[in-house]
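Chemist: sequence first, predicted model second:
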Amino acid sequence: PDDEGYFVAAGVGFGFRRLSIIDLATGHQPMATEGGAHWIVFNGEVYNYLEIKEVLAQKGHRFRTTSDTEVILHAYQEYAENCVQHFNGMFAFAIWDVSERKLFLARDRIGIKPLYYWLDNEKIIFASEIKSLLQYQGMYAEATPEGIDMFMTFGYVTGEKTIFRNIRRLMPGHTLTVKDGTVYVQRYWHLDYNIDTSKSQEAHEAELEYRLKRAIKLRLRSDVPLGIFLSGGLDSSAVVGLLSSMVAEPLKTFSIGFEHGRKYNELNYARLVSRHFGTEHYECILTPAEFQASIPDFIWYMDEPVTESAAISLYHVSKLAREHVTVVLSGEGADELFAGYTIYMYMLLLEHYRRLPASMRWLLNSLLKRMGYKWAKYATFSELPLEKRYLGVSLYETHQKDILYTDEFRLELAGTSPLDTIDTIYTQTCKWPPLNRMLALD
């Protein structure tokens, strides 16, 4: 951390550790408005803060810093809780309204920045990491049966509840307000796929390129060095290609490889992209021993269990990048945006297959079920509607859980199902095309 600060008053306390990105000199937090009517702690970056600042200045707001933090404060003064509708960025923030004695928490639309909280009849404790909550006297981490079942189903814990009893997360696209002993949570954004069929494919392609370039250009607003995670895959290579035309100096790119045979090492692809665009390229070669030794640190940083071995690689390439830059762009999330997982294709093929007459499918499925496990699995899938067939890209197979669970543990679950979250999302998207329903779920 580059800085730290505290604000403590009757009934409220804010603490902050800062990684300085915008306005290194005067962006200290916690930050207050002039006169101290509102206080804020804010993790993240509002990329369109300059545009918002210009509008607010025209409305009479005066700014003492060049930071996006102060822009959030003034936007709250102007728009109250609707301020979040104006922000394009990744953020988790808390604002204390002194005169109304009101606490306002907000999290960005898709939850890039984390926000956890613990609540009882007397107090709310919130933080960007679970381990911070555990510093409070009397707090402890106790895994719940439902949380364990969620983890054993998806490989991570999804939804409002965490794996730990009484510790919750503010969901993406939600705000939380505390006033006069009352707590209410409100959703301010919904994911939607509106397909404009009036446009040609060429028009959609042009708009996509414009939006990607605009998104990347906004993220160049930084007072610190910036780099890119480069795997050599389509997504990160596209980011390098688009960004290379926007900057004068050579880009800094960072890759990771594995000392475990050629098929575990994709560095050649990253090097190819680096040479083509003339980037300043850095690499880390991870040995099996280093990978294993880093797992305890990785677990400590993650707070909750996540079955994603690539996340350990991300941890190591982040350490490498931090030696040279403060901010990185990456291709994370692109598979869910652009249908990069092959399972989507299989599921859409099954949609077409299900249009065959039932008698023909019965005959074909009888043959497929004799051809080995994989064919039998897809034959069984074809007998199910999408809502029962596609349960997420990370879902584990039920029989694996059945082997591990004891009768006593099943009793503790008391009939709860981690699939309830999936049912809710499929209900919300019932009128969407199949592919968009799967993308929305993931």
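Modeler: Noted; the coordinates are in hand.

Chemist: was I right to think Asn43 contacts Asp108?
Modeler: No: Asn43 is beyond contact range of Asp108, at 10.0 Å (criterion: CB atoms under 8 Å). C-betas here are computed from N, CA, C, even on glycine.

Chemist: now do the shared contacts for these two.
Modeler: Taking CB atoms under 8 Å, 6 or more residues apart in numbering as the contact rule, Asn43 and Asp108 both touch Phe91, Ala92.

Chemist: who's more crowded, those two?
Modeler: Neighbour comparison, Asn43 and Asp108: the larger count goes to Asp108, with 23 against 20 (by other CB atoms under 10 Å).

Chemist: next one: that one, what pLDDT does it get?
Modeler: pLDDT recorded at Asp108 is 98.

Chemist: backbone dihedrals for the residue sitting nearest the centre point of the chain, please?
Modeler: Ranked by distance to the mean C-alpha position of the chain (CA atoms, centre = their mean), the top residue is Ile112 at 3.7 Å. The phi/psi pair for Ile112 (degrees, to the nearest 10) reads phi -60, psi -40.

Chemist: contact partners for it?
Modeler: Gly44, Met90.

Chemist: per-residue confidence at it?
Modeler: 94.

Chemist: got the contact list for the residue in the chain sticking out farthest from the centre?
Modeler: Distance from the centre of the chain peaks at Ser359, with 44.1 Å (CA atoms, centre = their mean). Contacts for Ser359 (CB under 8 Å, 6+ apart) come out as none.

Chemist: nearest residue to Leu119 other than its sequence neighbours?
Modeler: Once flanking residues are discounted, Leu119 sits nearest to Val183: 6.5 Å by CB to CB, 6 or more residues apart in numbering.

Chemist: and Gly392, how far from Arg214?
Modeler: Separation of Gly392 from Arg214 (CB to CB, to the nearest Å) stands at 30 Å.

Chemist: now do Lys374
Modeler: 42 Å.

Chemist: so which of those two has more stuff around it?
Modeler: Higher neighbour count among Lys374 and Arg214: Arg214, with 12 against 9, using other CB under 10 Å.

Chemist: off-centre distance for the helix or strand that contains that one?
Modeler: Assigning secondary structure by DSSP states H and E places Arg214 in helix 201-218. A distance of 22 Å separates the centroid of the chain from that of helix 201-218, by CA atoms, centre = their mean, to the nearest Å.

Chemist: now stretch 144-151
Modeler: That offset, for stretch 144-151, works out to 20 Å (CA atoms, centre = their mean).

Chemist: do stretch 226-242 as well
Modeler: With CA atoms, centre = their mean, you get 18 Å for stretch 226-242.

Chemist: now that stretch: average pLDDT?
Modeler: Averaging pLDDT along stretch 226-242 gives 91.

Chemist: may I see the buried residues of that stretch?
Modeler: Neighbour-count burial for stretch 226-242, counted by 16 or more other CB atoms under 10 Å, picks out 226-233, 235-240, 242.

Chemist: partner residues bridging Ala9?
Modeler: According to DSSP bridges, the partner residues bridging Ala9 are Val12.

Chemist: that one and Phe16, how far apart?
Modeler: Distance from Ala9 to Phe16, by CB to CB: 15 Å.

Chemist: these two: which is more packed in?
Modeler: Between Ala9 and Phe16, counted using other CB under 10 Å, Phe16 has the larger neighbour count: 21 against 12.

Chemist: outside of the strand or helix carrying that one itself, list whatever touches it.
Modeler: Secondary structure assigned from DSSP H and E places Phe16 in strand 12-18. Identification of contacts with strand 12-18 by CB under 8 Å, 6+ apart yields 1-8, 27-30, 39, 41, 94, 96, 103.

Chemist: what about these, which are in strands?
Modeler: Judged by DSSP state E, those include Asp3, Glu4, Gly5, Tyr6, Phe7, Val8, Trp39, Val41, Ala94, Trp96, Leu103 as members of strands.

Chemist: of those residues, just the buried ones, PyMOL syntax please.
Modeler: Buried subset of those, written as a PyMOL selection, criterion 16+ other CB under 10 Å:
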select buried, resi 7+39+41+94+96+103
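
Chemist: just the ones in strands among the contacts of strand 12-18 now: which is nearest Gly159?
Modeler: Within the ones in strands among the contacts of strand 12-18, the smallest distance to Gly159 is 21.8 Å, found for Ala94 (CB to CB).

Chemist: quick one, what contacts that closest one?
Modeler: Ala94 touches Phe14, Ile40, Val41, Phe42, Leu103, Phe104, Leu105, Phe126, counting by CB under 8 Å, 6+ apart.

Chemist: quick check: bridge partners of it?
Modeler: Ala94 has these beta-bridge partners by DSSP bridges: Val41, Leu105.

Chemist: all helices of the stretch 301-442 of the chain, in order?
Modeler: 309-322, 334-338, 342-353, 358-368, 373-381, 386-389, 398-404, 407-413, 420-428, 434-441 (DSSP state H, counting those that start in this stretch).

Chemist: mean confidence for the fourth one?
Modeler: Right, the one you point to is helix 358-368. 90.

Chemist: what does the first one give?
Modeler: The average pLDDT for helix 309-322 rounds to 90.

Chemist: buried stuff in it?
Modeler: Those would be Ile312, Ser313, Tyr315, His316, Val317, Leu320, Ala321, for helix 309-322 by 16+ other CB under 10 Å.

Chemist: pretty sure the fourth one contacts Asp297?
Modeler: This points to His316. No: look at His316 against Asp297 with CB under 8 Å: they stay out of range, at 10.2 Å.

Chemist: contact partners of stretch 404-420?
Modeler: Residues outside stretch 404-420 that contact it (CB under 8 Å, 6+ apart): Pro145, Glu146, Asp149, Met150, Met152, Thr153, Phe154, Thr158, Leu391.

Chemist: straight-line length of that stretch, end to end?
Modeler: End-to-end distance of stretch 404-420 (CA to CA, to the nearest Å): 21 Å.
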